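predicted structure and sequence below. I'll ask about it afterward.
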Amino acid sequence: MRANGLTVYVVDDDPGVRDSLGLMLGLAGYRTALFADAESFLAAWRPEWSGCLVADLRLPGKTGVELQAALRERGASLPVVIITAHGDVPSARTAFQAEAVDFIEKPFDVEQVKAAIGKAFDRESRRLARERERAADAERLAQLTLREREVLEHAARGLHAKEIAAALGISPRTVEVHKTHIMAKLGVRNVAELVRFALAAEPDAKGRAGSG
Amino acid sequence: MPAARYIRDAAVFAPCYIMLDWASYIAPLGPYNITPWNPQPALAIVWMLLGGLHHLPVVAATVFLADVLIRHAPAGVAVTLLTSAVLAAAYGAIAWFLRSQPRFHPGLSTTRDLTLFATATLAGTAAGGALFVGVLTAAEPSFAGSFLEAWLRFWTGDAVGVLVTAPLLLVATDGERRRALASLARRPEAALQMGVVAASVWLIFAGLPGDPSRHFYLLFIPLIWVALRGGMEGATVALGIVQLGVVLGMHSLGVDWLPAVELQALVAALTLTGLYLGIIVDERGRAAESLRQTLRLAAAGEMAGAIAHEVNQPLTALSNYGRSALMLLERGGEGAAQLPSTIGKMLSEAERASDVVRRLRDFFRAGTTRLEPVPATQLAAAAERIGRQVIGASGVAFSVRAEPGLPPLYVDRLQIELVLRNLIANAVEALHDRNAGEVTVAIGRQGASHLRLVIADNGPGLDPEARLRIFEPFVSGKSTGMGLGLAISRAIVEAHDGTLVAASGAHGEFHLDLPCAPTG
């Protein structure tokens, strides 16, 4: 489990609960990091952190749910599991309104925690896979020349070679050559895939065109 | 044996009824022998109300016997038999009506009970009087005067007699009321009050010149005093003294019929005023007591919630360590080296859990206030400890100052700690999201017999309106809980003879005054 690089971040103000949870999760094969309150976690937080946040609902200062909100504000999508010693309905509602992966009452069973962390890790893995895909796409897009990107943009709008040629003031033949190069660089087999790729990458492509 | 009991009750009732009839046979009017004050129907009504309507034949017989013995049955035996039956039926009807009312309590514990009783009495005696006068007029045309006038007089005499006397009898026969009366009688104040009532009656009849009814208003003042302090029981006894005094006064002055009716009407007004006031005082007392109970329960509930949370923490840690120890055992070898420290942690968590349970037990022990001398330094240390716990890692500055040489307090330590926790938690909450927040607790003298604890924060404070309402239950600036914290705190402090107020000012500040231990 260590291999996937995911970490369980535990935030609980109770030293006994924090230490014991760290020990148990460590022995169960998770990589863990322990924090006493929301503020110290946020101070240490890095955007590249991935895994799962296990936070107590009632913390001194920011609560677990407020911590989750603060993370979202910073653009972090770390999944959150809320644990609480108050197993009441309002607490559970607050946690789920904040889109917590799970809500666990203290005292809890190790299997319950493992199941919740597993669910969170699944979500995190899917997110990481999507991110890797996007990164790969962006990398491939970056290989295109400026002219090729212009051709791609027009093609994505559904224009034919002739129309693109007219728009860019080049010959239709050159457009066809560009298209072939683009398809090779992006690893797509036909125009349909090309269009789909362009649409998916559009915000990125525009952003780069603007800044470059 | 029911029969024996029936006879025994009748043997008590009949002589009492006849004696009362005889004692109140004052200023009889005209051929109908109508008297201005008839307390004996009250005896009949109360007997049937409490004992049951099967006493009706005894009542009718007694009414007949009394008329024969006292007035020698001027209308003849046959007519007197008929009028006795009519009167007994009217009294029975009043008793029956009251018995058939759901939730009517014969001890007159609510204003509704008293209203029902007064209404039934007025209606029943009016109907009974009309029948009585009607029978006499029909039987003896020679008596015929004004039917309306005779009926009105009869009605006044009976209604006033019952209104004044029956509540006395009802209170005297209600066990709970009698016990309350006994505890009232032991107060030194009671003798003074009754003395003042008796003196007022004397003033009205003998002390002041002129018509007694002119000075009757004097009685309202001591009656209000008695009713406010002693509730319904006190009012009833005072009214009994008034009634007795009025009867003696009328006897000794030889009051005429008309002033006698006027005086009795005044006594009736006084009676209803006193009884309503007394019952309202009782009802208010009961409402206040039930609110106090509710608050005490709510305090226990909040405390139990807090303790459940605190028990859950060590339990969670225990279960985690236990699971870890199992995994270490399975691993063997290198893992086993970590076992002793893990088991040591389990033991300390178990110790923590039992600590919490001990505190829970202490709290429920303290469910009743147990006052003891508590050194001011100990309270300061408790405030310090509570403050640290409440503030945790929230970054609020906290300090406790105590003047040197303070006398010990006379309080229930656990309950006052609960109040302090509440006030400090409130202060910290008021500083939510505020930089450089600060909470201070200052302990100093307040007068000769009290210490004052000032719990202050540098937050925004309360506006004047909120300051007045903040102690009401369910008024809360918080979105969680029920806003009972301050109401509970004030209830606890007042049970200590202390006060808790929100001071006005630009910052949040609460003044908690607590009594010192008696010296010597």
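Great, that's in hand.

remind me which residues of chain A are low pLDDT?
A:1-4, A:60-61, A:86-91, A:98, A:201-212 (pLDDT under 70).

switch to 90 and redo it
A:1-6, A:13-15, A:28-29, A:36-40, A:46-50, A:55-78, A:80, A:82-114, A:123-125, A:127-212 (pLDDT under 90).

show me which residues of it sit near chain B.
Those residues of chain A that sit near chain B, judged by C-beta under 8 Å from any C-beta of the partner chain, are A:13-14, A:16-17, A:19-21, A:23-24, A:27-28, A:36-37, A:39, A:58, A:60-61, A:85-86, A:90, A:106-110. From N, CA and C alone the C-beta is placed, and that goes for glycine too.

who touches B:Val247 in this structure?
B:Val247 makes contact with B:23-24, B:26, B:37, according to C-beta atoms under 8 Å, 6 or more residues apart in numbering or on different chains.

list the buried residues for the longest helix along chain A?
When chain A is parsed with DSSP state H, its longest helix is helix A:110-142. For helix A:110-142, the neighbour count (16 or more other C-beta atoms under 10 Å in any protein chain shown) marks A:110, A:113, A:116-117, A:120-121, A:124, A:128, A:137, A:140-141 as buried.

closest one of those to chain B?
Of all the buried residues of helix A:110-142, chain B sits closest to A:Val110, with 4.7 Å by C-beta to the nearest C-beta.

nearest residue to the closest one other than its sequence neighbours?
Closest residue to A:Val110 apart from its sequence neighbours, by C-beta to C-beta, 6 or more residues apart in numbering or on different chains: B:Arg323 at 4.7 Å.

how far is the helix or strand containing the one you found from where the chain is centred?
Assessed by DSSP states H and E, B:Arg323 sits inside helix B:257-331. Chain-centre distance of helix B:257-331: 15 Å, with C-alpha atoms, centre = their mean, to the nearest Å.

which elements pack onto the helix or strand following that helix?
Note on helix B:257-331: by DSSP H and E, the next helix or strand toward the C-terminus is helix B:339-365. Here helix B:339-365 touches helix A:15-27, helix B:257-331, helix B:413-430, going by 3 or more C-beta pairs under 8 Å, 6 or more residues apart in numbering or on different chains; DSSP states H and E.

including distance to B:Leu239 and mean neighbour count, could these go into JSON lines?
Shown next, in JSON lines, are these (distance: least, C-beta to C-beta, whole Å; neighbours: other C-beta atoms under 10 Å in any protein chain shown):
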{"stretch": "helix A:15-27", "distance to B:Leu239": "67", "mean neighbour count": "21"}
{"stretch": "helix B:257-331", "distance to B:Leu239": "5", "mean neighbour count": "18"}
{"stretch": "helix B:413-430", "distance to B:Leu239": "41", "mean neighbour count": "22"}
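
what's the closest of these to B:Gly195?
helix B:257-331 (17.2 Å; C-beta to C-beta).

tell me the phi and psi of B:Glu372?
The phi/psi pair for B:Glu372 (degrees, to the nearest 10) reads phi -150, psi 160.

distance of it from A:Glu99?
As judged by C-beta to C-beta, to the nearest Å, B:Glu372 and A:Glu99 stand 52 Å apart.

now the longest helix of chain A and helix B:257-331, what's the angle there?
Orientation check (axes from the mean of the first three to the mean of the last three C-alpha atoms, to 10 degrees): helix A:110-142 against helix B:257-331 gives 70 degrees.

can you pull the contacts of the residue nearest to the spatial centre of chain A?
When C-alpha atoms, centre = their mean is applied to chain A, the residue found nearest the centroid is A:Arg127 (4.4 Å). Neighbour list for A:Arg127: A:Ser77 [criterion: C-beta under 8 Å, 6+ apart].

just B:Pro259 next, same as before
Here B:Pro259 is in contact with B:211-213 (C-beta under 8 Å, 6+ apart).
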